[in-house]
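Student: using only what follows, build the 3D model:
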Amino acid sequence: MARILAVTSRLPFPPREGHQLRAWHVLRALASKHEVTLLSFQRNDDLPAEAAPLHAAMARVETFRIPAERSRSALARAVLRGTFTPTPFLVAKYDSDALRERLTALARDADLVHFDMLPLIAHADCVPEGVPITLNAHNVEHRLLATRSRIEPRLWARRFLAGQVGKLETFERQACERADAVLACSDVDAQGLRELVPDCNVHVVANGVDLEENRPAAHAPDEDRLVFVGQMGWFPNRDGVEWFLSDVFPRILARRPATRFELVGKAEGFEVPENVRANVDLAGFVDDLRPHVHDASVYVVPLRAGSGTRLKVLEAMALGKAIVTTTIGSEGIALQHDRSAMFADDAEAFASAVLGLLASPTRTTELGIEARCLAEDEYGWEAIGTRLLRAYEPLLGGRVQPVRSMPGHFGAIEA
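Tutor: Modelled structure (predicted):
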């Protein structure tokens with residue numbers, strides 16, 4: 001049994017978004033074979049009172065507040081650093097002396113240090129030479145940011161984000177050079193990371209789904225109901241739903257006026273266009289999304305940005321839903337067009353695919369059955385946990401080579 005020290009950007013339990021869900025299952029798989037100590041940032045909207053399963057699985061859990069969330073002055077410093085120095089804002093916001101102190105103390109006795117998100121590896125200089133480091137890459141972050149900067153509607157935000165892309169790409173390259181192993185969510189992401197660093201030791205450990213907790217419904221769905229699950233604070237979700245409501249849904253309503261669209265997930269401040277508002281339901285955050293998904297005939301994934309593997313799509317597959325998705329929306333998942341899902345990348349094609357399924361309950365059932373079978377074959381968390389542990393074995397079982405150097409803490413990166 002090895003001693004693993006893990007660092008996360010927020011409490012991974014209870015998992016209420018895809019990032020937390022992947023982090024939780026990765027940590028749980030590691031803890032099934034090794035002793036895991038967790039140093040976790042705690043966001044303002046995390047639920048530490050509900051984190052008992054996390055504490056039960058880990059040997060120790062210590063939490064730290066994100067400075068940029070605690071005070072306006074800390075946020076201002078992070079923005080200034082992200083604007084006027086080579087350090088990306090995404091990295092600067094996690095600058096924490098308290099975390100660095102504990103990481104330095106605990107890493108001396110660790111057999112491996114696991115960083116669960118790209119910006120956290122800026123603290124890698126706290127880890128002694130000879131202790132291997134792994135990075136759990138939830139996305140190819142600079143590509144995600146580049147896409148967002150192109151489609152961001154606000155001019156000031158678009159300019160700021162565009163200025164961050166090059167900085168984040170440089171940092172991501174340094175991170176892949178520094179890590180002894182990198183976990184990617186998909187073959188597409190793995191290739192993107194290898195384009196940054198050709199000799200990057202990257203392992204594809206896909207996202208997964210709980211097949212027991214997510215099963216198809218016994219009852220027939222509402223033939224006029226569509227559903228999307230995702231919180232609107234995550235830019236790819238918000239952009240995709242805005243595009244769907246402005247360009248796709250009106251085309252559907254023009255031919256099938258009784259159709260309703262339900263958005264499940266936190267949506268504070270989200271404005272539904274007036275011309276479709278009467279047919280849109282905002283469920284907000286729900287404790288159990290399954291009844292909402294069960295009631296819909298078609299699960300739509302109108303995403304135009306993002307990377308990684310969409311956990312929301314895997315859950316829909318496990319629940320046996322007919323899925324209409326963009327190519328980006330299902331990237332990294334082995335869905336096949338017209339067999340286990342329908343693919344469409346422009347508004348008219350997307351609307352036509354949805355309408356075709358709404359008009360054919362038999363076809364929606366067939367697609368849902370194929371999607372569930374694919375989830376069972378490829379995406380159960382137990383099988384994915386086995387692949388994860390296999391990727392860690394070389395780092396824990398043999399002689400550890402000296403780690404490669406990376407620019408030090410934030411000040412050194414800026415030099």
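
Student: low-confidence ranges in the stretch 1-150 of the chain?
Tutor: Within the stretch 1-150 of the chain, no stretch has pLDDT under 70.

Student: all helices for it, in order.
Tutor: 18-31, 52-57, 67-70, 72-84, 89-92, 97-107, 141-151 (DSSP state H, counting those that start in this stretch).

Student: now tabulate those helices in JSON lines and tack on distance to Ala181 and mean neighbour count.
Tutor: C-beta coordinates here come from the backbone N, C-alpha and C atoms, glycine included. Listed next are the helices of the stretch 1-150 of the chain as JSON lines, based on distance: least, CB to CB, whole Å; neighbours: other CB atoms under 10 Å:
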{"stretch": "helix 18-31", "distance to Ala181": "13", "mean neighbour count": "23"}
{"stretch": "helix 52-57", "distance to Ala181": "22", "mean neighbour count": "14"}
{"stretch": "helix 67-70", "distance to Ala181": "29", "mean neighbour count": "16"}
{"stretch": "helix 72-84", "distance to Ala181": "28", "mean neighbour count": "15"}
{"stretch": "helix 89-92", "distance to Ala181": "21", "mean neighbour count": "24"}
{"stretch": "helix 97-107", "distance to Ala181": "17", "mean neighbour count": "16"}
{"stretch": "helix 141-151", "distance to Ala181": "18", "mean neighbour count": "20"}
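
Student: could the ones you listed be laid out in CSV, adding distance to Ala218?
Tutor: Shown next, in CSV, are the helices of the stretch 1-150 of the chain (distance: least, CB to CB, whole Å):
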stretch, distance to Ala218
helix 18-31, 25
helix 52-57, 28
helix 67-70, 43
helix 72-84, 49
helix 89-92, 44
helix 97-107, 47
helix 141-151, 38
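
Student: and those helices: which comes nearest Glu331?
Tutor: helix 141-151 (11.0 Å; CB to CB).

Student: could you pull out the buried residues of stretch 265-279?
Tutor: Gly265, Lys266, Ala267, Phe270, Val272, Val276, Asn279 (16 or more other CB atoms under 10 Å).

Student: closest one of those to Leu5?
Tutor: Minimum separation from Leu5 among these (CB to CB) is found for Lys266, which lies at 31.4 Å.

Student: how about that closest one, phi and psi?
Tutor: phi -60, psi 130 (degrees, to the nearest 10).

Student: contacts only, for it.
Tutor: When contacts are counted by CB atoms under 8 Å, 6 or more residues apart in numbering, Lys266 touches Gln231, Met232, Gly233, Gly284, Phe285.

Student: switch to 10 Å and redo it
Tutor: 16-17, 45, 230-234, 237, 282-286 (CB atoms under 10 Å, 6 or more residues apart in numbering).

Student: same check on Ala31?
Tutor: Residues near Ala31 by CB under 10 Å, 6+ apart: Ile4, Ala6, Leu38, Leu54, Ala56, Ala57, Met58, Ala59.

Student: ok, back up a step: kindly reformat the buried residues of stretch 265-279 as a markdown table containing distance to Thr386, secondary structure and pLDDT.
Tutor: Formatted as a markdown table, the buried residues of stretch 265-279 follow (distance: CB to CB, whole Å; DSSP: H, G, I helix; E, B strand; the rest coil; pLDDT from 0 to 100):
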| residue | distance to Thr386 | secondary structure | pLDDT |
| --- | --- | --- | --- |
| Gly265 | 31 | coil | 92 |
| Lys266 | 33 | coil | 91 |
| Ala267 | 37 | coil | 91 |
| Phe270 | 39 | coil | 93 |
| Val272 | 43 | coil | 96 |
| Val276 | 45 | helix | 97 |
| Asn279 | 44 | helix | 98 |
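
Student: against Thr147, how distant is the residue lying closest to Ala190 once chain neighbours are set aside?
Tutor: Closest residue to Ala190 apart from its sequence neighbours, by CB to CB, 6 or more residues apart in numbering: Ala184 at 4.1 Å. Separation of Ala184 from Thr147 (CB to CB, to the nearest Å): 18 Å.

Student: domain parsing for this protein?
Tutor: Under automatic domain parsing, the residue ranges defining each domain of the chain are 3-208+380-414, 222-378.
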